[in-house]
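Q: dropping a prediction and its sequence here:
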Amino acid sequence: MGASGPGLRVEDLIVRGDRGRELLSVPRLDLTPGGSLGISGPSGSGKSTFLFAVAGLLKAASGTVAWGDAAITAMGEARRAAFRAERIGIVFQDFLLFDELGAADNAAIAALYAPRGARDGIRARAGDLLSRLGLADEDRPVPGLSGGERQRVAVARAMAGNADILLADEPTANLDRPTATRLVDDLLVRCRERGASLIAVSHDETLLARLDRRIEIRDGKVRLDG
Ligand SMILES: Nc1ncnc2c1ncn2[C@@H]1O[C@H](COP(=O)(O)OP(=O)(O)O)[C@@H](O)[C@H]1O
Ligand SMILES: [Mg+2]
């Protein structure tokens, strides 16, 4: 409480793909500390690429991405990975869960590399989030879960680490309306409690409408939607 996640400053960001093709160009984008931003736009326009870039997951990116004082584009790979582990929770579009593990172990995976003193908290939050999302006592391994169940595990995992930056790629895409609403409520309540900064890619108007700001990405270019 009181604390707030870092602001984001993006300057002259250019991401290139194969053979130097420009996938994304963002001359300037700012997010206030603890603020939330929605991103919409057609498929293939560069939305996931933008999230990867602000997560520091892209090598072929030039320009500046800074979260508060931390210019992740100026960090080496090891520091960037440490920053991500400590500060960023990511809901990947295709979830990236571990097939060998059940819901609870996936949601609490951050406990494996967190400092010893933080592990119990991560496991407890993961369990709490899963039960709020209707997946209490779910111990089937991931291949037995539906798309919507996997999505909820991915969201619980992203939030369980108590990161102060949350990045979510179409987090309600596989959910029915009541489940999506519950998940968005949880996401926003947790962000507010934590003061976390949130960026969500989504086509879901009910999610986008609840965020502070939104932009559209089309053909690798940002349009400010207001
Ligand atoms: N690793 C990559 N190498 C080359 N091209 C890529 C890579 N990842 C994505 N792309 C291309 O970048 C563009 C934007 O993709 P993406 O960010 O996934 O779009 P969106 O999330 O808006 O659907 C697409 O043309 C896609 O084919
Ligand atoms: Mg995408």
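A: Arrived safely. This one's a predicted model, so the numbers in the text were calculated from it and none came from an experiment. Ligands and ions are numbered 1, 2, ... in the order given.

Q: ranges for the helices of this protein?
A: 47-54, 77-87, 103-107, 116-132, 147-160, 177-194, 205-208 (DSSP state H).

Q: residue in the protein nearest to ligand 2?
A: residue 48 (3.2 Å; C-beta to the ion). Using the backbone N, CA and C atoms, a C-beta is placed for each residue, glycine as well.

Q: could I get the helices of the chain as TSV with mean pLDDT and mean neighbour count?
A: What follows is the helices of the chain, written out as TSV (pLDDT from 0 to 100; neighbours: other C-beta atoms under 10 Å):
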stretch	mean pLDDT	mean neighbour count
helix 47-54	97	22
helix 77-87	93	14
helix 103-107	95	25
helix 116-132	93	17
helix 147-160	93	24
helix 177-194	89	17
helix 205-208	94	16
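
Q: end-to-end on stretch 136-150?
A: For stretch 136-150, the first-to-last residue distance is 13 Å (C-alpha to C-alpha, to the nearest Å).

Q: who in the chain is up against ligand 2?
A: 47-48, 93 (C-beta under 5 Å from the ion).

Q: tally of neighbours for the closest residue in space to residue 31 that isn't next to it in sequence?
A: In space, residue 31 comes closest to residue 8 once its chain neighbours are excluded; the distance is 4.0 Å by C-beta to C-beta, 6 or more residues apart in numbering. Residue 8: 20 surrounding residues under other C-beta atoms under 10 Å.

Q: report the central residue of the chain.
A: By C-alpha atoms, centre = their mean, the chain has its centre lying nearest to residue 167, at 1.8 Å.

Q: list the contacts for residue 158?
A: The contact partners of residue 158, by C-beta atoms under 8 Å, 6 or more residues apart in numbering, come to 89-91, 166-168.
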